[in-house]
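# Sequence isn't available, so here's the structure alone:
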């Protein structure tokens, strides 16, 4: 019985010591030196740099393209002053959007060769 108690106490001490003390010997993990943080570089240590010639040209090219698109849209809006034409255009766009989803849209117009009921499906 004395040997069992001694072995139990020895096992507990062994576990406590291995947890508390660092490992030693050949299999010990090599301690790595901590890497110092990189030195602080102030953003004001070098002069302010502006855009390069190519960056400025790209900026002005994009601005000119945007202005051209705005001009085209303004002209298109001006030509669509007729409310009936605007409604027809919206209906065409709606039909195209439904077509991309695979849904039949009852797009009709006066004098169409088929009525709106031709689009009804029995589900």
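Received, thanks. Just so it is clear, the structure is predicted and the values come from calculations on it, not from any experiment. Residues are numbered from 1 along each chain as shown.

# Distance check, the most centrally placed residue in the chain against residue 56.
By C-alpha atoms, centre = their mean, the chain has its centre lying nearest to residue 62, at 23.2 Å. Distance from residue 62 to residue 56, counting by C-beta to C-beta, to the nearest Å: 11 Å. C-beta here means a position set from N, CA and C on the backbone, and glycine is covered the same way.

# Please apply the same query to residue 67.
Distance, residue 67 to residue 56, by C-beta to C-beta: 17 Å.

# any low-confidence regions in this protein?
Residue ranges of the chain with pLDDT under 70: 1, 22-31, 78-80, 121-123.

# mind listing the helices for it?
2-20, 53-79, 83-101 (DSSP state H).

# I'd like those written out as a markdown table, with distance to residue 32 added.
Below are the helices of the chain laid out as a markdown table (distance: least, C-beta to C-beta, whole Å):
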| stretch | distance to residue 32 |
| --- | --- |
| helix 2-20 | 22 |
| helix 53-79 | 43 |
| helix 83-101 | 59 |
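
# do you know which of the ones you listed lies nearest residue 37?
helix 2-20 (30.7 Å; C-beta to C-beta).

# What residues sit buried inside that closest one?
Within helix 2-20, no residue is scored as buried using 16 or more other C-beta atoms under 10 Å.

# Likewise for stretch 101-119?
Buried, per 16+ other C-beta under 10 Å, within stretch 101-119: 105, 107.

# how far does it stretch from start to finish?
15 Å (C-alpha to C-alpha, to the nearest Å).

# ok, and what's touching it?
The contact list for stretch 101-119 (C-beta atoms under 8 Å, 6 or more residues apart in numbering) reads 88, 91, 92, 94, 95, 98, 99, 120, 121.

# please redo it, this time with the cut-off set to 6 Å
95, 98 (C-beta atoms under 6 Å, 6 or more residues apart in numbering).

# so how far is it from its chain's centroid?
In this view, stretch 101-119 has its centroid 39 Å away from the chain centroid, taken as C-alpha atoms, centre = their mean, to the nearest Å.

# likewise stretch 84-99?
31 Å.

# Would you mind listing the buried residues in that stretch?
Under 16+ other C-beta under 10 Å, stretch 84-99 has no buried positions.
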